[in-house]
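Engineer: Predicted coordinates and the sequence they were generated for:
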Amino acid sequence: MAVKVVVVGAGAVGATVAYTLLTADLANELVLIDINRDRAEGEAMDIADGTPFTGPVRIYAGDYEDCRDALIVIFAAGANQRPGETRLELAARNVKVVRDVMDRLLRYWNGGVLLMVTNPVDVLTYAALRFSGLPENAVIGSGTVLDSARFRYLLSRHCRVDGRNVHAYVLGEHGDSEVFVWSRAAIAGIHVDDFCDRRGVPRPDRQDLSERVRRAAAEIIARKGATYYGVSLSVRRICEAVVRDQESVLTVSGLVDGYYGVTDTAFSLPTIVGRRGRVKVLDIPLAPEEQQALCYSAGILKQAQRDNGL
Ligand SMILES: NC(=O)C1=CN([C@@H]2O[C@H](COP(=O)(O)OP(=O)(O)OC[C@H]3O[C@@H](n4cnc5c(N)ncnc54)[C@H](O)[C@@H]3O)[C@@H](O)[C@H]2O)C=CC1
Ligand SMILES: CC(=O)C(=O)O
């Protein structure tokens, strides 16, 4: 089956996502849309030059009518953080971009999955749902997939083990209030602390490691002005789950209504992702302090939704 993926926003994230998808051999057609048409054309031309080494993929700069028949539309348009700025501080500017793009996109929408990446990704996932009226399962935010990857990466370095063997989740906001599920962090079927004892390495300092994950984006932005490689590989992983209907457990963001008293708010929970998008949200058992932190994180996002008229 032919797979078309559209990327709206051909900046650092959008263009790197398109390049990463090309190398993953997931799509037959990749479309880049940007308010700056030259930018979209330039990125498409540059990436297309590599297709003799990857396989025949059609890559071009397009318009919203090209969203018709897309399996996935990835939303990466809008402002990014300046050094020292939080993701939530982008909300007012980027909610406007979502509203603007959604109006145009919906004229041609005929199914598929809308994958939000622009920050603050949870608030914008909620905005996209509300502005579009699309079904809940079809609107996903990249959420804490990247944060969970950062968590797994640092744990893998600490524990001296392949990161693919580390099962550990970050939930809640993709941002400062995110929640680290230390109680369930596991390697080879055993708790990470137990693994460390057997591996002969000290148990991780939870506060220090969590803080390094929480601050990862700010540290990168302070040095190079933006982040785009880690997120692009996270987006690739989500797209792979959708295109190949893998039913993978990923910490994507989406609408949560009725979770431990949290209503009508978008944030990340472990979720089965497949061709229809969010197939099932999993209610995994958490330690009482993690549960409390998750409700606090959801409260921050609910307030951000309200502050932005959502
Ligand atoms: N969810 C995540 O894990 C991550 C999210 N991000 C977010 O991704 C977003 C994009 O970041 P960058 O690519 O670095 O920014 P960028 O400034 O390089 O690119 C943004 C692009 O959006 C385009 N754009 C702006 N308004 C538009 C509109 N109305 N319609 C179409 N295109 C429009 C711009 O012309 C520009 O090409 C930011 O909000 C950033 O914070 C970045 C990294 C990780
Ligand atoms: C910028 C951002 O959201 C990140 O790299 O996590």
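Structural biologist: Structure received. Ligands and ions are numbered 1, 2, ... in the order given.
Engineer: Would you mind measuring from the spatially closest residue to residue 191 that is not a sequence neighbour to residue 200?
Structural biologist: Nearest residue to residue 191, sequence neighbours excluded (C-beta to C-beta, 6 or more residues apart in numbering): residue 185, at 6.8 Å. Any C-beta I mention is one placed from the backbone N, CA and C, and that applies to glycine too. Counting by C-beta to C-beta, to the nearest Å, the separation of residue 185 from residue 200 is 18 Å.
Engineer: The two: which has the busier surroundings?
Structural biologist: When residue 185 and residue 200 are compared for neighbours, residue 185 comes out ahead with 22 against 7, by other C-beta atoms under 10 Å.
Engineer: Which secondary structure state does the residue of the stretch 151-300 of the chain found nearest ligand 1 sit in?
Structural biologist: Using C-beta to the nearest ligand atom, the single residue of the stretch 151-300 of the chain nearest to ligand 1 is residue 231, 3.6 Å away. The three-state label for residue 231, taken from DSSP: H, G, I helix; E, B strand; the rest coil, comes out as helix.
Engineer: Contacts only, for the closest residue to it other than its chain neighbours.
Structural biologist: Distances taken as C-beta to C-beta, 6+ apart place residue 146 nearest to residue 231, at 5.3 Å, with adjacent residues excluded. The neighbours of residue 146, taking C-beta atoms under 8 Å, 6 or more residues apart in numbering as the test, are 174, 230-231, 234.
Engineer: what does the stretch 201-310 of the chain put close to ligand 1?
Structural biologist: Selection of the stretch 201-310 of the chain residues close to ligand 1 by C-beta under 6 Å from any ligand atom yields 226-228, 231.
Engineer: By neighbour count, which of the contacts of residue 146 wins?
Structural biologist: residue 174 (29 neighbours).
Engineer: you'd agree the residue of the stretch 151-300 of the chain closest to ligand 1 is up against residue 142?
Structural biologist: Yes. Between residue 231 and residue 142 there is a contact under C-beta atoms under 8 Å: 6.7 Å.
Engineer: ok so, going back, and the residue nearest to residue 231, what's its pLDDT?
Structural biologist: At residue 146, the model reports a pLDDT of 98.
Engineer: My guess is the residue nearest to residue 191 contacts residue 165. True?
Structural biologist: No. Counting by C-beta under 8 Å, residue 185 stays clear of residue 165, with 11.8 Å between them.
Engineer: about what we covered before: just the buried residues of the helix or strand where the residue nearest to residue 231 lies, please?
Structural biologist: When elements are assigned from DSSP states H and E, residue 146 belongs to helix 145-159. Along helix 145-159, these residues count as buried under the neighbour rule (16 or more other C-beta atoms under 10 Å): 145-156, 158-159.
Engineer: what residues does the stretch 1-150 of the chain put near ligand 2?
Structural biologist: 87, 119, 146.
Engineer: Reformat those residues as JSON lines; add distance to ligand 1.
Structural biologist: Listed next are those as JSON lines, based on distance: C-beta to the nearest ligand atom, whole Å:
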{"residue": "87", "distance to ligand 1": "6"}
{"residue": "119", "distance to ligand 1": "3"}
{"residue": "146", "distance to ligand 1": "4"}
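Engineer: Just the closest of these to residue 20, please.
Structural biologist: Residue 20 lies nearest to residue 146 out of those, by C-beta to C-beta, at 12.9 Å.
Engineer: Please tell me how far the closest one sits from residue 153.
Structural biologist: 10 Å.
Engineer: Could you do residue 223 as well?
Structural biologist: Residue 223 is 17 Å from residue 153, by C-beta to C-beta.
Engineer: repeat for residue 96
Structural biologist: Taking C-beta to C-beta, one finds residue 96 at 34 Å from residue 153.
Engineer: How about the chain: which residue is closest to ligand 1?
Structural biologist: Closest point on the chain to ligand 1, by C-beta to the nearest ligand atom, is residue 11, at 1.7 Å.
Engineer: I'd assumed residue 34 was in contact with that residue.
Structural biologist: Yes. In this structure, residue 11 is within contact of residue 34 by C-beta under 8 Å, at 7.4 Å.
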